[in-house]
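Enquirer: A structural model of the following input is requested.
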Amino acid sequence: MKLLDKIKNLFHKQELIPKQLKTISDLDIADSVWIKDSHNILHEGWVYDINKKRIIVITSDKNNILELRFIITRPLSQTQLTQNNKTLYLNEPCNQEILFSSQ
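Expert: You can find the predicted model right below:
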């Protein structure tokens, strides 16, 4: 009977632990972030500076390097910020999130 239990355990599906989403309070310098601009184009960037009041993100737009500033708002458990027709995603957004937020 023990042999059968061992075989069952080999083929038993492992439960996947969901990855925790990064929040504003978890954000650190050089973390990857994603920015959706007013034309619904998604850009990948990284955190250049973060303090109690703002997040500065560096990204590129075709031939230009852009520096974008986002004011930190409460609660610090947010996973995205929207300001000035730009959305800052702290976790890589899926296609469904991008389409839903543009409507």
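Enquirer: rest of the way, CA atoms for contacts and neighbours
Expert: OK.
Enquirer: which residues touch the residue nearest to the spatial centre of the chain?
Expert: By Cα atoms, centre = their mean, the chain has its centre lying nearest to Asn91, at 1.3 Å. By Cα atoms under 8 Å, 6 or more residues apart in numbering, the residues touching Asn91 are Leu21, Lys22, Val33, Trp34, Thr79.
Enquirer: would you map the helices across the protein?
Expert: 2-11, 95-102 (DSSP state H).
Enquirer: packing partners of the longest one?
Expert: Here helix 2-11 is seen to pack against no other helix or strand when contacts are counted using 3 or more Cα pairs under 8 Å, 6 or more residues apart in numbering; DSSP states H and E.
Enquirer: so for it, mean pLDDT?
Expert: Helix 2-11 comes out with an average pLDDT of 75.
Enquirer: rewinding a little: got a ChimeraX select line for the buried ones in the contacts of Asn91?
Expert: What follows is the ChimeraX syntax selecting those of the contacts of Asn91 that are buried according to 16 or more other Cα atoms under 10 Å:
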select :22,33,34,79
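Enquirer: now for the contacts of Asn91: which two are most distant?
Expert: The largest separation in the contacts of Asn91, counting by Cα to Cα, is between Leu21 and Trp34 at 13.8 Å.
Enquirer: shaky segments in this protein?
Expert: Low-confidence segments of the chain, defined by pLDDT under 70: 1, 12-17, 95-103.
Enquirer: could you show me where the strands are in it, in order?
Expert: Per DSSP state E, the chain carries strands over the ranges 32-36, 42-50, 54-61, 64-71, 80-83, 86-89.
Enquirer: dump the ones you listed into TSV; add distance to Asp26 as well.
Expert: As requested, the strands of the chain are arranged in TSV below (distance: least, Cα to Cα, whole Å):
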stretch	distance to Asp26
strand 32-36	12
strand 42-50	11
strand 54-61	12
strand 64-71	16
strand 80-83	12
strand 86-89	13
